[in-house]
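Colleague: Quick one, structure for this:
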Amino acid sequence: MNGFGAFESVILTIITASTPLLLAAIGELVTERAGVLNLGVEGMMIMGAVCGFVVAYSSGSATLGVCGGLVAGIAMSLLFAFLTQTLMASQVATGLSLTLLGLGLSGMIGENFPGLPGVKLEALNIPVVSEIPFIGPVFFGHDILVYASLIITAGVAYVLFRTRAGLIVVAVGGNHHSAHALGYDVVRVRYACIAFGGACSGLAGAYLSLSYTPQWIENMSSGRGWIALALVVFSTWLPKRVLLGAYLFGTVWIMGLYVQGLGVEIPSQLLSSLPYIVTIVALIIISGNKTLATVNTPACIGQPFAPER
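Modeller: Here you go, the predicted model:
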């Protein structure tokens, strides 16, 4: 029974660790499918985390905190969109600047909040079903953002490949000049996709400060935004593979912590770096395989679009 309970605990922890990766990665996937490379995921996540915590702490409502994180992520993404789509700034430089801005601004906003008890996002316990041993806690004992991440992933998979709107997004990322010639507003489509990516990153950040660790800790995103970026490439821009990849990376993240807890004589620094090592190895494997490196890759990713030029 103790072993069964320990297994249940591991599964629950993996789900908790994977959710912010999945949210951030699925948002970035939509952004990149539209032909935009936003390297500011880390900055949007940390802003979602601090704004979510501050709003929840100030209002006493975790739901309002989630909304605060959502708005913060969208605001940061729209700043990126304005600079890259309207002013034609470099997407790479702007994305990196967005991350640095988010890290610095979050530290300033959350200056007076470290160590304060947060408002935890409560689990959606369904009567009767949630009380079933193992099945109840694992499948029906999570907060709304866990289920939202799965619903958003399924929704993206459906919309991108089975609806007119999704095919327009793919067309814009594949060849923005052809999409423009067909009458589609490329810049407007990209603005919408960038805002969606920002919203997902904001939710990922809010999850960190309201559920994963219900408190504000400076730089609490700990590089998850960069892992989310790698996940999109690792998944070859397919939503179902993003889901699998997020839970794989979440498993690696948690296994490192459990190995430390077992007292195995492996340097803690090495175990802490496992998710990043796996990320590098995965990218090397993909880069070495030309088929994997090019399949589903949006042809216009990172390229500015200026119809008047």
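Colleague: In stretch 67-83, which of the residues would be classed as buried?
Modeller: 67-77, 79-81, 83 (16 or more other CB atoms under 10 Å). For every residue, glycine as well, the C-beta is placed using N, CA and C.
Colleague: what ranges do the helices span in this protein?
Modeller: Taking DSSP state H as the criterion, the chain carries its helices at 2-33, 41-59, 62-81, 91-109, 135-140, 144-162, 164-174, 176-181, 186-207, 224-234, 239-261, 268-272, 274-288, 290-294.
Colleague: burial count for Gly43?
Modeller: 31 (other CB atoms under 10 Å).
Colleague: contacting residues around it?
Modeller: Residues near Gly43 by CB atoms under 8 Å, 6 or more residues apart in numbering: 76, 98-103, 225.
Colleague: These: which two are farthest apart?
Modeller: For the contacts of Gly43, the farthest-apart pair by CB to CB is Leu101 and Gly225; their separation is 13.0 Å.
Colleague: the more surrounded of those two?
Modeller: Gly225 (27 against 17).
Colleague: circling back: which one of the helices of the chain lies nearest to Val128?
Modeller: helix 135-140 (8.7 Å).
Colleague: And the contacts of the closest one?
Modeller: Residues contacting helix 135-140 (CB under 8 Å, 6+ apart): 8, 11-12, 15, 124-126, 129-130, 132.
Colleague: which one of these is nearest Val187?
Modeller: Nearest member of the contacts of helix 135-140 to Val187, counting by CB to CB, is Ile15, at 37.7 Å.
Colleague: Can you report how many residues neighbour Gly174?
Modeller: Gly174 is flanked by 18 other residues according to other CB under 10 Å.
Colleague: Could you tell me how far it is located from Gly183?
Modeller: Gly174 sits 16 Å away from Gly183, taking CB to CB, to the nearest Å as the criterion.
Colleague: who's in contact with the residue nearest to Ala282 when sequence neighbours are not counted?
Modeller: The shortest distance from Ala282 to any non-neighbouring residue, by CB to CB, 6 or more residues apart in numbering, is to Phe234 (4.9 Å). Residues in contact with Phe234 (CB under 8 Å, 6+ apart) are 241, 245, 279, 282-283, 286.
Colleague: Format the helices of the chain as a markdown table; extra columns: mean pLDDT.
Modeller: Conversion of the helices of the chain to a markdown table gives the following (pLDDT from 0 to 100):
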| stretch | mean pLDDT |
| --- | --- |
| helix 2-33 | 89 |
| helix 41-59 | 96 |
| helix 62-81 | 97 |
| helix 91-109 | 96 |
| helix 135-140 | 86 |
| helix 144-162 | 96 |
| helix 164-174 | 96 |
| helix 176-181 | 94 |
| helix 186-207 | 98 |
| helix 224-234 | 92 |
| helix 239-261 | 86 |
| helix 268-272 | 73 |
| helix 274-288 | 79 |
| helix 290-294 | 68 |
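Colleague: ranking those by burial, who's on top?
Modeller: helix 41-59 (a mean of 29; mean count of other CB atoms under 10 Å).
Colleague: ok now that one, how far from the chain's centre?
Modeller: Taking the mean of its C-alpha atoms, helix 41-59 sits 14 Å from the chain's own mean (CA atoms, centre = their mean, to the nearest Å).
Colleague: how near is Thr16 to Gly263?
Modeller: As for Thr16, its distance to Gly263 is 23 Å (criterion: CB to CB).
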